[in-house]
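Student: Please find the sequence and the predicted model below.
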Amino acid sequence: MKLFKAKAVSVPYLIWMAIFIIAPLVLVGIFALTDAEGSFTIENLSGIGRFTPVFARSIWLAAIATAICLLIAFPMAFAISRMSERRQNLFLMLVMLPMWMNFLLRTYAWMSLLENNGLINRFFGLFGIGPFQMINTQGAVVLGMVYNYLPFMILPLYSVMTKIDNSVIEAAQDLGASNGKVFSKVIIPLAVPGITTGITMVFVPSISTFIISRMLGGGGNLLIGDLIEMQFLGNSYNPHLGSAMALVLMVIVLFTMSITSSIDSEELEDMLI
Amino acid sequence: MTRSTKSSRAYLYVVFTFLYLPIFVLIFFSFNKSKSRNLFTGFTLDWYRQLFQNEMILRALVVTLAVAAIASVCATILGTAAAIGIQGMKRWSRFTVMNFTYIPVINPEVVTGVSMLLLFTSLRYFLNFNMGFGTLLIAHITFNVPYVILSVNPKFRQLDNSLYEAALDLGCNPTQAFFKVILPQIMPGITTGFLMALTYSIDDFVISYFTSGTSQTLSIAVYSMTRRKVSPEINALSTLIFAAVLTILLIMNFKDIRSENSKSGLKKKGAERI
C-alpha cells in the first residue's frame, strides 16, 4: 500500500519547536541552577524553602477549588447528558459562553460583588446582617477559581457521560439497584476518565494563577504564580529564583498529572474538538 | 421520575445563576450614571462614548486583532505542515515530537510566559531588538501551533488511504493527489485548529503579559484598568465583548440547527463531539 509521506514539510515546525518551546525550558533549568554571575549553585532551589507557606497555600486552595468544581459539575454534567440532543447543545453553549469572555473581566465582576459595600453585602444589609469581609480573603480566591474554571470540569465530565447509554442505567435499576447504587456502581465508574481529565484541567490553572489571587485575595494571599511573576516583572527582580520556582511548579503539575493517570493523547485530541 | 427532573432543573438554574449573575451585574452597571459599582443612579450611555474615545483601548484592540489574525494564520500553516510531516514519521520520532508539542498545552501558562521572557531577554545579549509586537507574535504562534496540530492529527487517523492510492493510480502525482484528495479530507481539522488558535489568541492574557514588552493587548489594557482607578468603561467594554461573543455563538448554533435539520440527525456523531 502506498502511503502519503512528506516528512520534510514538518522541518519548519521542528526548528520553531526547538527554538521557542525547548530552548526556553532549557533556559529555565539553566537559570534555576546558576547565580547572577553565571556560576553553578543550588541556592535558588534550596532558597525556595522560605516560601513553603505560599506553596502549601497554593496547593491547598487549588485542591479545594478542584473539589468544589467536581461536586458542582458532576450532577450538572449528568443532568445535561440526559437531555434531548438539541437541549444538550443549548446548555453546553450556555456553559461555554462565560468562558469566552476574558477571565480578567469575569474576575473583575466578582471584585465589585464581594466588596465591603458591594452588592452582596448590601443584600445582606437588607436583612440587618453583615457586612461581611469577603474580598481579600482566601474564600474569595477559591470562589474566583471555581467561577473561572468550572466549565473545564463540566465539559470533560459531560463528554464521558453522554456516552453512558440509558439502557445501562435501566438495566441496573431492573436488577434492583437503588438510585444511590446506580450512581456509585454504574455512573461514577464510567465517568472516571472525565473526572481525572477535569481534575487536571481545573487544578493546573488554579495552582498557577496569579491574577485571581491578586484581584480577589488582596496582597495577603499570594500564590506560587504571584511569586514567580514578582521575580520577573515585579519589584523583587530575581529571574534565577523565579526560574527555580517555575521548575518546582512544573514538577507539581507533572506529579498531579501522573496521579490523575496523565491525559492520553487521543483523549486530549477528542476533547479539544 | 418527575420529581428528579424537577430537582435537576432547579439545580441547573442555581448553577447558571452563579455563572451569569456576575456578568449581568457588570452589564447593568455599564449603564449607570454615577461611577458607583453598587448604586444605580440613572441611565446613561456616557461610558460607551468614553470607551470609543479612549485611545489606549482602541490601540489595544487593534494590536489584539492584528496579533490574533497573523498568529493564527501562521500557526495554521506551520501546524498543518507539521501534522502532515508527523504522519510520515516512524513511531518513535512521532511520539517524541508529539510529547514536545504537548508542552505548551500542559504547562502552566505562567511558566510558558516566563520561559519565553527568559529566551527573549537572553537573545537580546546577541541581537538588537526590543520586546514588543514581534515577540508577542512569536509567543502567540508558539502556543497556537499545538492546537492546530492536535485538531489536524485525528483527521489523518480517519483518512481513507485508498482514495489517495486511487488518485495515484488514476495518474495524479503525489503533490496533486495531496491537494485534490488529502487536503479536502483534513480541511475540517484545519478550520477547527484555526478557530481555536484565533480564540486563544484573542483571549490570552498571561503569556502576552510576559512577552508583550511595550505593546499592549486588550486583556493587558483591561488588567491595567482594574489596577488603577476603576472606571465603568470596563463594564461597557465587557458588555460589548459579551454581546459580540453571544452573537457569534448564536450564529454558529443557528447554522448548526439548520444543517442538522437538512441532514435530519445524520450528523449525530459530529454533534456529540461538541
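Tutor: Arrived safely, thanks for sending. Residues are numbered from 1 along each chain as shown, chains lettered A, B, ... in the order given.
Student: Can you name the residues that contact the closest residue to chain A within chain B?
Tutor: The minimum distance from chain B to chain A, using C-beta to the nearest C-beta, falls at B:Gly85 (2.4 Å). In this view, the C-beta of every residue, glycine as well, is placed from N, C-alpha and C. B:Gly85 makes contact with A:6-11, A:13, according to C-beta atoms under 8 Å, 6 or more residues apart in numbering or on different chains.
Student: Over to B:Pro22?
Tutor: Here B:Pro22 is in contact with A:106, A:109-110, A:113, A:147 (C-beta under 8 Å, 6+ apart).
Student: As TSV, these with neighbour count would be great.
Tutor: Converted to TSV, the contacts of B:Pro22 look like this (neighbours: other C-beta atoms under 10 Å in any protein chain shown):
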residue	neighbour count
A:Arg106	20
A:Ala109	25
A:Trp110	25
A:Leu113	23
A:Tyr147	22
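Student: Output the below-cut-off pLDDT ranges for chain A.
Tutor: Scanning chain A for pLDDT under 70 picks out the ranges A:1-3, A:261-273.
Student: For it, which residue gets nearest to chain B?
Tutor: Nearest residue of chain A to chain B: A:Ser10, at 2.4 Å (C-beta to the nearest C-beta).
Student: Run through the residues that contact that residue.
Tutor: Neighbours of A:Ser10 in contact, by C-beta under 8 Å, 6+ apart: B:81-86, B:89, B:97.
Student: can you rerun that using 7 Å?
Tutor: B:81-82, B:84-86 (C-beta atoms under 7 Å, 6 or more residues apart in numbering or on different chains).
Student: does it count as helix, strand or coil?
Tutor: For A:Ser10, the assignment made with DSSP: H, G, I helix; E, B strand; the rest coil gives helix.
Student: One more: B:Asn128?
Tutor: coil.
Student: mind giving me CSV with the contacts of B:Gly85 and columns for distance to B:Lys180?
Tutor: Below are the contacts of B:Gly85 laid out as CSV (distance: C-beta to C-beta, whole Å):
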residue, distance to B:Lys180
A:Ala6, 15
A:Lys7, 21
A:Ala8, 20
A:Val9, 17
A:Ser10, 21
A:Val11, 24
A:Tyr13, 24
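Student: Out of those, which end up buried?
Tutor: A:9-10, A:13 (16 or more other C-beta atoms under 10 Å in any protein chain shown).
Student: Now the residues you listed in a markdown table, please, with extra columns for distance to B:Gly193.
Tutor: Output for the buried ones among the contacts of B:Gly85, formatted as a markdown table (distance: C-beta to C-beta, whole Å):
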| residue | distance to B:Gly193 |
| --- | --- |
| A:Val9 | 16 |
| A:Ser10 | 15 |
| A:Tyr13 | 13 |
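Student: quick one: which of the residues you listed is nearest B:Thr199?
Tutor: A:Tyr13 (21.3 Å; C-beta to C-beta).
Student: Give me the neighbour count for the residue lying closest to A:Ala63 once chain neighbours are set aside.
Tutor: Nearest residue to A:Ala63, sequence neighbours excluded (C-beta to C-beta, 6 or more residues apart in numbering or on different chains): A:Phe203, at 7.1 Å. Residues lying near A:Phe203 (other C-beta atoms under 10 Å in any protein chain shown) number 27.
Student: Kindly report the same for B:Asp169.
Tutor: 11.
Student: what does the stretch 101-250 of chain A put close to chain B?
Tutor: A:101-102, A:104-106, A:108-110, A:112-113, A:117-119, A:122, A:162, A:204, A:208, A:210, A:215, A:225, A:228-229, A:232-233, A:239, A:242-243, A:246, A:249-250 (C-beta under 7 Å from any C-beta of the partner chain).
Student: These, buried ones only, as a PyMOL selection?
Tutor: If you want just the buried ones from those in PyMOL, going by 16+ other C-beta under 10 Å, the selection is:
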select buried, chain A and resi 101+102+104+105+106+108+109+110+112+113+118+119+162+204+208+210+215+225+228+229+232+239+242+243+246+249+250
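Student: what stretches of the stretch 1-150 of chain B score poorly on pLDDT?
Tutor: B:1-4.
Student: So which residue is dead centre in the chain?
Tutor: Reading this off chain A. A:Val202 (2.5 Å; C-alpha atoms, centre = their mean).
Student: actually it's chain B I care about, not the one you picked
Tutor: Short answer for chain B (C-alpha atoms, centre = their mean): B:Thr199, at 1.9 Å.
Student: and it, what element?
Tutor: Assigned by DSSP states H and E, B:Thr199 belongs to helix B:183-203.
Student: And the next helix or strand past that helix?
Tutor: Next along the chain from helix B:183-203, counting by DSSP H and E, comes helix B:206-211.
Student: In terms of secondary structure, what does that following helix contact?
Tutor: helix B:109-123, helix B:133-157, helix B:218-227 (3 or more C-beta pairs under 7 Å, 6 or more residues apart in numbering or on different chains; DSSP states H and E).
Student: could you redo those helices as a markdown table and give each row distance to chain A and mean neighbour count?
Tutor: Below are the helices and strands packed on helix B:206-211 laid out as a markdown table (distance: least, C-beta to the nearest C-beta, whole Å; neighbours: other C-beta atoms under 10 Å in any protein chain shown):
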| stretch | distance to chain A | mean neighbour count |
| --- | --- | --- |
| helix B:109-123 | 3 | 24 |
| helix B:133-157 | 4 | 24 |
| helix B:218-227 | 5 | 19 |
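Student: Could you say which helix or strand holds A:Phe4?
Tutor: Going by DSSP H and E, A:Phe4 is not part of any helix or strand.
Student: Contacts only, for the closest residue in space to it that isn't next to it in sequence.
Tutor: Nearest residue to A:Phe4, sequence neighbours excluded (C-beta to C-beta, 6+ apart): B:Tyr164, at 5.3 Å. Counting by C-beta under 7 Å, 6+ apart, B:Tyr164 makes contact with A:4, B:177, B:181-182.
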